[in-house]
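S.K.: A structural model of the following input is requested.
(4 chains, ligands or ions: 4)
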Amino acid sequence: MEPVRILSPDGSLVGDAPFDLEEARRLFAAMVTGRTYDHKATAMQKQGRLATYAPFEGQEACQIGSVAALRPDDWLVGTYRDAAAMWFQGYPWQNLFLGRMGDERGGEAPAGVNVTPPSITVGGHMIHAVGLGWAERLQGRDRVALTLFGDGATSEGDFHEAMNFAGVYATPTIFLCQNNGFAISMPRDRQTAAEHLADKAIGYGMPGIQVDGNDLMAIYSVTRDAVARARTGEGPTFIEALTFRIGPHTTTDDAGRYREDGEVEEWRTRDPIDRVRAYLRLNDAWDEAWEQETADAAGDEIEAAVAAAEALEPFGPTAMFDRMYAEPTSAMDRQRGMLRRDG
Amino acid sequence: MEPVRILSPDGSLVGDAPFDLEEARRLFAAMVTGRTYDHKATAMQKQGRLATYAPFEGQEACQIGSVAALRPDDWLVGTYRDAAAMWFQGYPWQNLFLGRMGDERGGEAPAGVNVTPPSITVGGHMIHAVGLGWAERLQGRDRVALTLFGDGATSEGDFHEAMNFAGVYATPTIFLCQNNGFAISMPRDRQTAAEHLADKAIGYGMPGIQVDGNDLMAIYSVTRDAVARARTGEGPTFIEALTFRIGPHTTTDDAGRYREDGEVEEWRTRDPIDRVRAYLRLNDAWDEAWEQETADAAGDEIEAAVAAAEALEPFGPTAMFDRMYAEPTSAMDRQRGMLRRDG
Amino acid sequence: MAEMNMAQAINQALDLALAADDAVIVFGEDVGTTGGVFRVTDGLQETYGAERVIDAPVAESGIVGAALGMAIAGLKPVAEIQFLGFAYPAYDQIVSHVGRIRNRSNHRFTAPMVIRIPFGGGIGAAEHHSESAEAMLAHTPGVKVVVPSTPIDAKGLLLAAIEDPDPVIFLEPIRMYRALKQEVPDEHYTLPIGVAQTVREGVHASIVTYGSMVRASQRAADLLAEEGVSVEIVDLRTISPLDEDAIVATVRRTGRLVAVTEGHRTGNMASEIAAIAQEKALYSLLAPVERVTGWDTVVPLKRTEAHYVPGPERIAAAVRRTLGT
Amino acid sequence: MAEMNMAQAINQALDLALAADDAVIVFGEDVGTTGGVFRVTDGLQETYGAERVIDAPVAESGIVGAALGMAIAGLKPVAEIQFLGFAYPAYDQIVSHVGRIRNRSNHRFTAPMVIRIPFGGGIGAAEHHSESAEAMLAHTPGVKVVVPSTPIDAKGLLLAAIEDPDPVIFLEPIRMYRALKQEVPDEHYTLPIGVAQTVREGVHASIVTYGSMVRASQRAADLLAEEGVSVEIVDLRTISPLDEDAIVATVRRTGRLVAVTEGHRTGNMASEIAAIAQEKALYSLLAPVERVTGWDTVVPLKRTEAHYVPGPERIAAAVRRTLGT
Ligand SMILES: Cc1ncc(C[n+]2csc(CCOP(=O)(O)OP(=O)(O)O)c2C)c(N)n1
Ligand SMILES: Cc1ncc(C[n+]2csc(CCOP(=O)(O)OP(=O)(O)O)c2C)c(N)n1
Ligand SMILES: [Mg+2]
Ligand SMILES: [Mg+2]
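M.R.: Numbers count the residues shown, from 1 in each chain, chains lettered A, B, ... in the order given. Ligands and ions are numbered 1, 2, ... in the order given. Reported below is the predicted structural model:
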């Protein structure tokens, strides 16, 4: 199996560019914004302003490239490591920060944005994407659902049930596995004896594609094809994107315990953002000033989101009783009373 | 994918017989005994002497052929529909009857017989076979574990986790799927969109083989090879046996609701017992008198088991408190007391 | 009005819901072609088609998880798990996702869905077919848990569950599917979730229970009536949220309480009922609250099951203990 | 004797068990190379090799199910689930198989295994990382459930659990991993499973609790001591089977009881404790048993968590209520 690749690490094309230079610049800027958030969040965690954070540096092409192939009303169902994808599909940075601050309001997508809150448990969310897309189809709509997950998630029983249901009911679901080499400390080759994760698709009667996960164009292009199939009723697709997380599993993880620095350095040479920059340069669509502008705009956007999140009035201690049901049940009312009584 | 076949429905060989005529006669007799049990149990259920019963008529080659490839100390981990296999690996008919009478003593395999009680939940038991074989290897023994399950079971998350663990740890496990066409009313082609169940093996990096499940020789031969691989540390194998259950799902099921009589009649022409009889005949190893003798012996064996099961003294109502732990806990003691008090 | 048993009443409720609202779908193993292992969904696929009455592969976590996705996207799925003993593989989806999506998304995404599950023993079934693990479901935040005891209640409560904006686990006592018939109104009606009902009035002692134990308790009350003991029976009908007021009120009236469930003894609903009774009505209690329950053992097979599932005799004995007789 | 925290004490217990018995193996996600997400298994793979300290794929049901198979075939696996919130996918294996194999096989096959699970809140973690669903485990037949509250107890109870012929679920309060240090004896020792311990003597009221709530209760008792109230604290140490005698004895001594757990309120261990107390000691109770618990909500995130997990103030207030002060 040869992974699909369009853009070489040096910025040259080995296939047909799936979009024009303007779009390439837009997606470049989006990846930069994503990385700016990622670095900011890591820094804030060190300062104690955020709880544990799971960095996604290195996986920006997977997240921006795939979401670029969606329609604004399509569903996105991702994980704790998919902030860039969520944002690009319409989820506010502010809410992503809020969630990491331990504030439940961070879980709310704006009206019209069909992005579910990040899945913290590994494996459980993919089946939701199956149900979402299926329900759209049963209601006569053509929205599709893209679900993101890692190499580790493919070992969970729920991955299997989700893939199988998607195959059986031909649901409009795109399964995008960001194979970043590790599940915490477990390397991909100990996660499963399958030669490629993409091989798993055959067991569900759906196409399985391996793609260079650090190649924005390749990710976009295979996702676009999968979305087209899904939208026209041809069923689900499994995409394995080969990528690497540059950072630790989370800010509490010490990645040095299970991998070599050399591996990280090696992957840095395949950086997804550098690659698009090289492409733009080769095509006279990049200059220093624009890059600076882009970085500044990203910085401003992220800082504004932090400020907004930190400025939000805290909610009261009893709000938890009002979030569980449409109308608080008698148990919620009683327990709210007890908490009020005891403070 | 062409299913492995050695013996044609007309009794002629299309491959090399994996065993001699004497062994063929022994396995023929075992299949006859299995079917005798199956018919007896169905009849007894109608008379109210057994609880719900799941007949396996039509699947005798799968069960006898696979177990014939085991060593007496190997593990067998099967389901509610695998009585013939269990018996052939050393589990007494008497206990199989007892279980269906609603008597927990039926779950006990004799010392030295490594057969677990039938799994009633679908899917959960295959992973036990992974752990069993693995533990044998870790303890320096070369026992293998054969697990039996149906086409429906392949949809459960636990199937996936079992297959994946077996692949990752290269455990000595043989996964034998008796694809009998249905999971209760769900036909195989709605159970999964995979073209063949055997295709699922590739996702776990293990060999996947499809075999004619009504061909005793083919089943024996592919299981023997898988056992040899497992025993020598080469890891697990997945075998899909194409077969058919002639009877209903259980004695409370009305199979007419979801399948055509024609399908059943069609499969009767591929009966696994008839096929071996035809082979023996062609090879002058069969006569009417021997068949009668075999049938009589089987009948006697089964009747004796019924008599023994029915003759067993019932155990007391408080026995349940003594079966839960090695030593009854304080809770068991208290509750035994309450039951005694109230009768 | 027609005489029907609980299986028929549930079938009618599903039929009405499917007819009234295109968003309602029925989803589960063998619910379609064969009408369910208990025939509760009989005929529905013929009427509403295979896109609304959907047969599922054997994968309980998948069924519940897919139903959740459907519910978020605007449908009102009524999922079925064949037996409570097969719901455990779906428990992660229930506790981690179904009961939490509203909280997690701050009300943006919700789960207007029902999970129907036959449960309980008394029919001498195989292992795993007699589970009564409702306490763990009642212990699960974000879901409601409803348990009907009669055909009339089953229909009205199921329709209420389907219309509820939050997820409802609807536990159907297997033994009651065909145990009794009632005149059930043909038309649509709902019964309130979270509200208990006094199904028998009495003055000497109270029994608080639900599901198939209501009938066992009625029989116990009949036995006791012959002895001159008048027993009040409260059918909880919903075990999450609990109608605490109804529990407290009956204890205050009679001063004696027996809580009856067939779940394993430790940590079951009877313990919760006893805890509430002593908390809110300690000084009304003339005797300790008695708990009549299943045991902390595996539900035994047919030959011993009757010693596990509480019957009228054990319940009556407990009532007598509260009376000191 | 060395000063150590609970994480270190558990590590030492595992080390001793691995050294003493070749049948013991450690098995779970990230337990090997990286020594566990809480570093509880740190260094063990280096000492005992990757065949005895085994890193697992991300599949909790698989971990528990495979461990069961191993246990049946003669090993003594000590499986780890990373957080209790990730144990739900394994619950079917626990309830349907681990807790039943002995009964199902009439003692022929057994499950001498331990499932270690960090649990509980108080560290402001992400969703699913603060679960306290021990009540559902205590409601599960055929397993024992042990919860240590100190380093000394953790070591002795874990060694007892590993040597127990039946499956033990060993719940480790996350907050206590590094919260306090004790002088822990270096050598092998065990503490009895199923036996509670009075960790503080008092005369005015009793607190029955376990795990990290023992420390919160000690602090509440300190607050109350300043008010002249003397509180007895019973640390259950095992929640299945419950040491009912210890619960009843303390109630008889003080006449007032507060049961403290951080699990969701409905159907938790506090309800069970209250039910037992009123059943066995109704006439000793000078006030209703108070239950201080988590709520029937999702455990809230960092910003509100302190209002969910019981703290010394809430516990002290409950004690005061039992005293009518
Ligand atoms: C059900 C469950 N089990 C375990 C965990 C703990 N955990 C969090 S992330 C993770 C590894 C996931 O790896 P992968 O799917 O490759 O995603 P990645 O973190 O690499 O993006 C684990 C084991 C969890 N969150 N949920
Ligand atoms: C976990 C679980 N879900 C559902 C059931 C109910 N059930 C019993 S057998 C069966 C079908 C199994 O089909 P298959 O695996 O093909 O085996 P077969 O019965 O055909 O031998 C189902 C759904 C069960 N026993 N366990
Ligand atoms: Mg990964
Ligand atoms: Mg089948």
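S.K.: right, and residue A:328 touches residue A:321 too?
M.R.: Yes: under the criterion of CB atoms under 8 Å, residue A:328 is in contact with residue A:321, at a separation of 5.7 Å. From N, CA and C alone the C-beta is placed, and that goes for glycine too.
S.K.: looking at the two, which has the bigger crowd around it?
M.R.: In this comparison of residue A:328 against residue A:321, neighbours counted by other CB atoms under 10 Å in any protein chain shown, the higher total goes to residue A:321 at 21 against 17.
S.K.: residues in contact with the more buried one?
M.R.: When contacts are counted by CB atoms under 8 Å, 6 or more residues apart in numbering or on different chains, residue A:321 touches A:328, A:332-333, A:335-336, A:339, D:295, D:297.
S.K.: PyMOL command for the buried members of those residues?
M.R.: Of the contacts of residue A:321, the buried ones can be selected in PyMOL as follows, counting by 16 or more other CB atoms under 10 Å in any protein chain shown:
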select buried, (chain A and resi 328+332+335+336+339) or (chain D and resi 295+297)
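S.K.: what's the helix or strand containing residue C:11 packed up against?
M.R.: Secondary structure assigned from DSSP states H and E places residue C:11 in helix C:6-20. Identification of packing neighbours for helix C:6-20 by 3 or more CB pairs under 8 Å, 6 or more residues apart in numbering or on different chains; DSSP states H and E yields strand C:24-28, helix C:44-48, strand C:76-80, helix C:151-163, strand C:168-173, strand C:182-184.
S.K.: try 6 Å this time
M.R.: helix C:151-163 (3 or more CB pairs under 6 Å, 6 or more residues apart in numbering or on different chains; DSSP states H and E).
S.K.: right, is the helix it packs on up against chain A?
M.R.: No: with CB under 6 Å from any CB of the partner chain as the criterion, chain A is not reached by helix C:151-163; the gap is at least 11.3 Å.
S.K.: name the helices or strands packed onto that helix?
M.R.: helix C:6-20, strand C:168-173, strand C:182-184.
S.K.: chain center to the shortest one, what's the gap?
M.R.: Distance of strand C:182-184 from its chain centroid, counting by CA atoms, centre = their mean, to the nearest Å, is 19 Å.
S.K.: so what touches the helix or strand following it?
M.R.: Following strand C:182-184 in sequence order, the next helix or strand is strand C:197-200 (DSSP H and E). Residues outside strand C:197-200 that contact it (CB atoms under 6 Å, 6 or more residues apart in numbering or on different chains): C:221, C:233-235, C:237.
S.K.: now swap in stretch A:17-27 and tell me
M.R.: Contact partners of stretch A:17-27, identified using CB under 6 Å, 6+ apart, comprise A:64, A:68, A:216-217, A:220-221, A:283, A:285.
S.K.: who touches the closest residue to ligand 2 within chain C in this structure?
M.R.: Closest approach between chain C and ligand 2, counting by CB to the nearest ligand atom: residue C:86, at 3.6 Å. Neighbour list for residue C:86: residue C:60 [criterion: CB under 6 Å, 6+ apart].
S.K.: can you rerun that using 10 Å?
M.R.: B:120-124, B:156, C:29, C:58, C:60, C:63, C:117-118, C:128-129, C:131, D:92, D:96 (CB atoms under 10 Å, 6 or more residues apart in numbering or on different chains).
S.K.: which of those residues come close to ligand 1?
M.R.: Residues shared between the contacts of residue C:86 and the neighbourhood of ligand 1: none [CB under 6 Å from any ligand atom].
S.K.: helices - which of those residues land there?
M.R.: Among the contacts of residue C:86, DSSP state H puts C:60, C:63, D:92 in helices.
S.K.: quick one: distance of stretch C:183-198 to the chain centre.
M.R.: 14 Å.
S.K.: kindly report the same for stretch C:224-237.
M.R.: 21 Å.
S.K.: tell me the domain ranges of the chain?
M.R.: As the question left the chain open, I've gone with chain A. Domain assignment for chain A, taken from automatic domain parsing, gives A:21-312, A:317-343.
S.K.: my question was about chain C
M.R.: C:2-184, C:197-323.
S.K.: so does the helix or strand containing residue A:28 get close to ligand 1?
M.R.: Secondary structure assignment for residue A:28, by DSSP H and E: helix A:21-46. No: using CB under 6 Å from any ligand atom, helix A:21-46 never reaches ligand 1; the gap is at least 13.0 Å.
S.K.: with stretch A:252-268 instead?
M.R.: No: contact of stretch A:252-268 with ligand 1 (CB under 6 Å from any ligand atom) is absent, the minimum separation being 9.6 Å.
S.K.: may I see the buried residues of that stretch?
M.R.: In stretch A:252-268, counting by 16+ other CB under 10 Å, buried: A:253, A:255, A:258-259, A:264, A:267.
S.K.: return it as PDB; C-alpha atoms alone will do.
M.R.: What follows is stretch A:252-268, C-alpha atoms only, in PDB (Å, rounded to 0.1, in the frame of the first residue of the first chain):
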ATOM      1  CA  THR A 252       1.500  15.500  32.000                       C
ATOM      2  CA  ASP A 253       3.100  12.900  29.700                       C
ATOM      3  CA  ASP A 254       6.900  12.400  29.400                       C
ATOM      4  CA  ALA A 255       7.300  11.200  25.900                       C
ATOM      5  CA  GLY A 256      11.000  10.600  26.400                       C
ATOM      6  CA  ARG A 257      10.100   7.500  28.300                       C
ATOM      7  CA  TYR A 258       8.900   5.700  25.100                       C
ATOM      8  CA  ARG A 259      10.400   7.300  22.100                       C
ATOM      9  CA  GLU A 260      13.600   8.700  20.700                       C
ATOM     10  CA  ASP A 261      14.300  12.300  20.200                       C
ATOM     11  CA  GLY A 262      15.600  11.400  16.700                       C
ATOM     12  CA  GLU A 263      12.200  10.200  15.700                       C
ATOM     13  CA  VAL A 264      10.700  13.600  16.600                       C
ATOM     14  CA  GLU A 265      13.400  15.400  14.700                       C
ATOM     15  CA  GLU A 266      12.900  13.200  11.700                       C
ATOM     16  CA  TRP A 267       9.200  14.100  11.600                       C
ATOM     17  CA  ARG A 268       9.800  17.800  12.000                       C
END
